[in-house]
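>>> sharing a model prediction with you, sequence too.
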Amino acid sequence: MRTLQVDLGERSYPIYIGGGLLGRAGEFFEQHGLAKKSPVLIVTDDHVAPLYLDTVTKSLSEQGYRVVSKVVKAGEKSKSLEVFEDVMTAAIEGGLDRHSAVVALGGGVVGDLAGFVAASYMRGVSFVQMPTTILAHDSSVGGKVAVNHRLAKNMIGAFHQPKMVLYDVDSLQTLPIREVRAGLSEMVKHGLIWNAAFADWCRQHTADLLALDPEALGYGLTQGCSIKAQVVSVDEREQGLRAILNLGHTLGHALEAIGGYGEFLHGEAISIGMAAAAKLAVNRGRDLSIYEETVSVLKGFGLPTAMPQQHDEHAIIAAMMHDKKFKEQQLVFVLPVEIGKVEIVADVTLDEVRRVIAELKEEGQHV
Ligand SMILES: NC(=O)c1ccc[n+]([C@@H]2O[C@H](COP(=O)([O-])OP(=O)(O)OC[C@H]3O[C@@H](n4cnc5c(N)ncnc54)[C@H](O)[C@@H]3O)[C@@H](O)[C@H]2O)c1
Ligand SMILES: O=C(O)C(=O)C[C@@H](O)[C@H](O)[C@H](O)COP(=O)(O)O
Ligand SMILES: [Zn+2]
């Protein structure tokens, strides 16, 4: 097992990464002093529940915890105020009190949803992340929790750090291949924003990662979590540096929203967004190799990098303007300077955005 630390003073917490950890959940709960007399609510989805809910429930129960659970429908549409209310109802009916903990057992959808419940229930209770997707190496660390609005992603949320992240990498073996690819998109992102050698490692280990080779996965996820933890430890509430984690998200979030939170997986939308950011940077004078290398590593994972033909530029731009990254009448983009280094730019014009959308649509016609 590898242990990383998110350093946030009194809100610091460990990230445990290893095999067989879900079956040891109770042990970790006890070690972290989570209250035994107050019910624990496990939030999960209907794909994950049949696979792992019993294991976690059994482990917590054997350690003397009283467990209730709420299973939501799998998929991005569950990150909604309606489902949030359903989970709140389960928390109240389950008798959770101020010393209770809410557990997110699943991917980023369950993590963001359960985290927002934990942040809001009785104005905030303990939260534990048990990620079961590759993508959730990103979402389980850093404390951003939210649900979507029909018009914009993650619009209703909070910062609420977990007490620990228990990342059982054995659970990843049951992921469908499309989810594997989507999760690797955010792993590549961590290399592109912070560490060129790690981006290159991802490219060199594409086949191992896609095959869910435990050694490659363990290393890649540890590097990804470590980069995320370093950034969050410097800037918990995105006052500056943390915005670099948004590479690809200005456009990516817009695509998710106009796609009705079902057409693109988050990692797929972010992959297109990272290609667009690289193209934008090249149009502004950066070296063409940045775009070529970005697209090459993403395509290697079978991720999309061209703009979907069916959405017009007006809809995409309108959706971007609802996002958190539209501030003081300007669209904020994270743009690569070189592989492994990015800058935050707030002077991108709409003409530049239109040009990139057209260029990436053109790319799509050659596929
Ligand atoms: N809070 C953050 O910092 C942050 C960071 C990145 C992404 N996100 C959010 O995360 C979400 C995407 O997360 P995701 O890609 O994990 O999606 P997800 O939670 O929908 O999980 C993907 C799919 O895999 C299934 N699944 C999960 N674990 C499984 C397993 N072990 N075996 C088989 N199936 C399994 C799920 O049921 C679902 O169908 C988006 O809403 C995105 O906005 C948040
Ligand atoms: O943790 C962060 O900060 C990130 O930006 C990570 C992103 O991968 C993630 O998708 C996040 O939810 C986006 O944040 P938002 O503030 O743009 O909604
Ligand atoms: Zn993301």
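Good, I have the coordinates. Ligands and ions are numbered 1, 2, ... in the order given.

>>> flag every residue of the stretch 201-350 of the chain that's near ligand 2.
Remark: the part of the stretch 201-350 of the chain in contact with ligand 2 comprises 238, 242, 245, 246, 249, 324, using C-beta under 6 Å from any ligand atom. C-beta: built from backbone N, CA, C; applies to glycine.

>>> look up phi and psi at the residue lying closest to the fourth one once chain neighbours are set aside.
Beyond its immediate neighbours in the sequence, the residue positioned closest to residue 246 (C-beta to C-beta, 6 or more residues apart in numbering) is residue 334, lying 5.2 Å away. Summarising the backbone geometry of residue 334 under the convention degrees, to the nearest 10, its torsions are phi -100, psi 120.

>>> from the residues of the stretch 201-350 of the chain next to ligand 2, keep the buried residues only.
Of all those considered here, the ones buried according to neighbour count by 16 or more other C-beta atoms under 10 Å are 238, 242, 245, 246, 249, 324.

>>> what about residue 129, how many neighbours?
Applying other C-beta atoms under 10 Å, we find 28 other residues in the vicinity of residue 129.

>>> hmm, residue 112 and it touching each other?
No - applying C-beta atoms under 8 Å, one finds residue 129 not in contact with residue 112, separated by 10.4 Å.

>>> on that earlier part again, the residue nearest to residue 246 and residue 344 touch, don't they?
Yes - using C-beta under 8 Å as the test, residue 334 is close enough to residue 344 to be in contact (5.8 Å).

>>> between the two, point out the one with more neighbours.
Taking residue 334 and residue 344 together and counting by other C-beta under 10 Å, residue 334 has the greater number of neighbours (24 against 15).

>>> OK, contacts around the more buried one?
The neighbours of residue 334, taking C-beta atoms under 8 Å, 6 or more residues apart in numbering as the test, are 193, 243-244, 246-250, 277, 342-345.

>>> restricted to strands, list those residues.
Among these, the members falling in strands (DSSP state E) are 342, 343, 344, 345.

>>> and the buried ones among the residues you listed, selectable in ChimeraX?
Here is the ChimeraX selection string for the buried members of these, based on 16+ other C-beta under 10 Å:
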select :342,345
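
>>> distance of the residue sitting nearest the centre point of the chain relative to residue 35?
Compute the mean C-alpha point of the chain, and by C-alpha atoms, centre = their mean the closest residue is residue 139, 3.3 Å away. In this structure, residue 139 and residue 35 are separated by 25 Å, where distance is defined by C-beta to C-beta, to the nearest Å.

>>> same check on residue 262?
38 Å.

>>> out of the two, which sits in the more crowded spot?
Legend: neighbour count by other C-beta under 10 Å for residue 262 and residue 35, higher for residue 35 (16 against 10).

>>> which SS class is that one?
Per DSSP: H, G, I helix; E, B strand; the rest coil, the secondary structure class of residue 35 is coil.

>>> what about the residue nearest to it when sequence neighbours are not counted, how many residues nearby?
Across the structure, with C-beta to C-beta, 6+ apart as the measure, the residue nearest residue 35 apart from its sequence neighbours is residue 99 (3.9 Å). In terms of burial, residue 99 registers 14 neighbours under the definition other C-beta under 10 Å.

>>> okay, the closest residue to ligand 2 within the stretch 201-350 of the chain: pLDDT?
Minimum separation of the stretch 201-350 of the chain from ligand 2 (C-beta to the nearest ligand atom) falls at residue 245, amounting to 3.6 Å. At residue 245, the pLDDT value in this model is 98.

>>> next one: it from residue 232, what distance?
Between residue 245 and residue 232 the computed distance is 8 Å (C-beta to C-beta).

>>> who touches both of those two?
By the contact definition C-beta under 8 Å, 6+ apart, residue 245 and residue 232 are jointly contacted by residue 142.

>>> what about this structure, any weak spots by pLDDT?
Using pLDDT under 70 as the threshold, the predicted model of the chain has low-confidence ranges 366-367.

>>> the longest helix along it - contacts with which helices or strands?
The residue-count maximum for a helix in the chain (DSSP state H) belongs to helix 214-234. Under the contact criterion of 3 or more C-beta pairs under 8 Å, 6 or more residues apart in numbering; DSSP states H and E, the helices and strands touching helix 214-234 comprise strand 2-6, strand 13-18, helix 136-139, strand 164-168, helix 177-194, helix 196-204, helix 206-210.

>>> give me the buried positions along the longest one.
In terms of neighbour count (16+ other C-beta under 10 Å), helix 177-194 has its buried residues at 179-194.

>>> that helix vs strand 341-345, what angle?
Compare the direction of helix 177-194 with that of strand 341-345 by axes from the mean of the first three to the mean of the last three C-alpha atoms, to 10 degrees and you get 80 degrees.

>>> may I have helix 177-194 as PDB, with CA atoms only?
Below are the C-alpha coordinates for helix 177-194, written out as PDB (Å, rounded to 0.1, in the frame of the first residue of the first chain):
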ATOM      1  CA  ILE A 177     -13.200  -0.200 -21.300                       C
ATOM      2  CA  ARG A 178     -14.900   3.100 -22.100                       C
ATOM      3  CA  GLU A 179     -14.600   4.100 -18.500                       C
ATOM      4  CA  VAL A 180     -11.000   3.000 -18.400                       C
ATOM      5  CA  ARG A 181     -10.200   5.300 -21.300                       C
ATOM      6  CA  ALA A 182     -12.100   8.200 -19.900                       C
ATOM      7  CA  GLY A 183     -10.300   7.900 -16.500                       C
ATOM      8  CA  LEU A 184      -6.900   7.900 -18.200                       C
ATOM      9  CA  SER A 185      -7.800  11.300 -19.800                       C
ATOM     10  CA  GLU A 186      -7.400  13.000 -16.300                       C
ATOM     11  CA  MET A 187      -4.300  11.000 -15.600                       C
ATOM     12  CA  VAL A 188      -2.700  12.300 -18.800                       C
ATOM     13  CA  LYS A 189      -4.000  15.800 -17.800                       C
ATOM     14  CA  HIS A 190      -1.900  15.600 -14.600                       C
ATOM     15  CA  GLY A 191       1.200  14.900 -16.700                       C
ATOM     16  CA  LEU A 192       0.400  17.700 -19.200                       C
ATOM     17  CA  ILE A 193       0.000  20.300 -16.500                       C
ATOM     18  CA  TRP A 194       2.800  19.400 -14.100                       C
END
